[in-house]
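>>> Below is the sequence, then the predicted model.
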Amino acid sequence: MFITVYPGSFDPVTYGHLDIIQRGAKVFDKVIVAVLENPSKQPLFTVEERVRLLVEVTQEIENVEVDSFDGLLVDYMRLKSAKTIIKGLRAVSDFEYELQMASINRKLNDEVETFFMMTNNKYSYLSSSIVKNVAQYRGSVKDLVPYPVEKALQQKFSS
Ligand code: COD
């Protein structure tokens, strides 16, 4: 069975992420969407909230599992018996960072292979940060994130 891990912050999940998950699920037997629990970052959503939203928006894709992890990605992958990582690429700026990440992950475990999926042109400008920015100033995020995320953002910024 070909298990792949799609790691990220997903703070929150956007249509750009979801597109990568849907396409990844067509290529691999199982996609584990792994939310990083990063104590050095100050996320808008807790890890539990991010996992819950991901579960909700991926519930119709049979071979997708949502989980969270902390520490090194390669250690988490060993735990899950996964040998591949999928990442999304939007622009050249993503490439530099992702090349560095793929190289260090390979250095830490030379059996790990990173696969890159080009962004869907519709979502090439989309990031969680942009979504949070728009939502914070009460702009419409309807076309940027699934409905449960839109609602969760409204709740965050109204409280
Ligand atoms: N279209 C296509 N892809 C997209 C889009 C979009 N619109 N938006 C985001 N993506 C892709 C990103 O390129 C990325 O591949 C993925 O989706 C997740 O994005 P984010 O922004 O939610 O998550 P990141 O980039 O903050 O996640 C970073 C990781 C958690 C993957 C990374 O920090 C990590 O692996 N940390 C674990 C510690 C570790 O092992 N570090 C390596 C050794 S130092």
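Perfect, thanks for sending it. This one's a predicted model, so the numbers in the text were calculated from it and none came from an experiment.
>>> could you say what helices and strands the helix or strand hosting Val51 packs with?
Assigned by DSSP states H and E, Val51 belongs to helix 47-58. Helices and strands touching helix 47-58, by 3 or more Cβ pairs under 8 Å, 6 or more residues apart in numbering; DSSP states H and E, are helix 15-27, strand 30-36, strand 64-69, helix 147-158. The way it works is simple: take the backbone N, C-alpha and C, and place the C-beta from them, glycine included.
>>> Output that helix as PDB - backbone C-alpha positions only.
Provided in PDB are the C-alpha atoms of helix 47-58 (Å, rounded to 0.1, in the frame of the first residue of the first chain):
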ATOM      1  CA  VAL A  47      -4.400  22.100  16.200                       C
ATOM      2  CA  GLU A  48      -7.700  20.500  17.300                       C
ATOM      3  CA  GLU A  49      -9.700  23.100  15.300                       C
ATOM      4  CA  ARG A  50      -7.500  22.700  12.300                       C
ATOM      5  CA  VAL A  51      -7.900  18.900  12.400                       C
ATOM      6  CA  ARG A  52     -11.700  19.200  12.900                       C
ATOM      7  CA  LEU A  53     -12.000  21.500   9.800                       C
ATOM      8  CA  LEU A  54      -9.900  19.200   7.700                       C
ATOM      9  CA  VAL A  55     -11.900  16.100   8.700                       C
ATOM     10  CA  GLU A  56     -15.100  18.000   7.800                       C
ATOM     11  CA  VAL A  57     -13.900  19.100   4.400                       C
ATOM     12  CA  THR A  58     -12.300  15.800   3.400                       C
END
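>>> Pull out the buried residues from that helix.
In terms of neighbour count (16 or more other Cβ atoms under 10 Å), helix 47-58 has its buried residues at 47, 49-51, 53-54, 57-58.
>>> now, among these, which is nearest to the ligand?
Closest approach to the ligand among the buried residues of helix 47-58 (Cβ to the nearest ligand atom): Arg50, at 9.0 Å.
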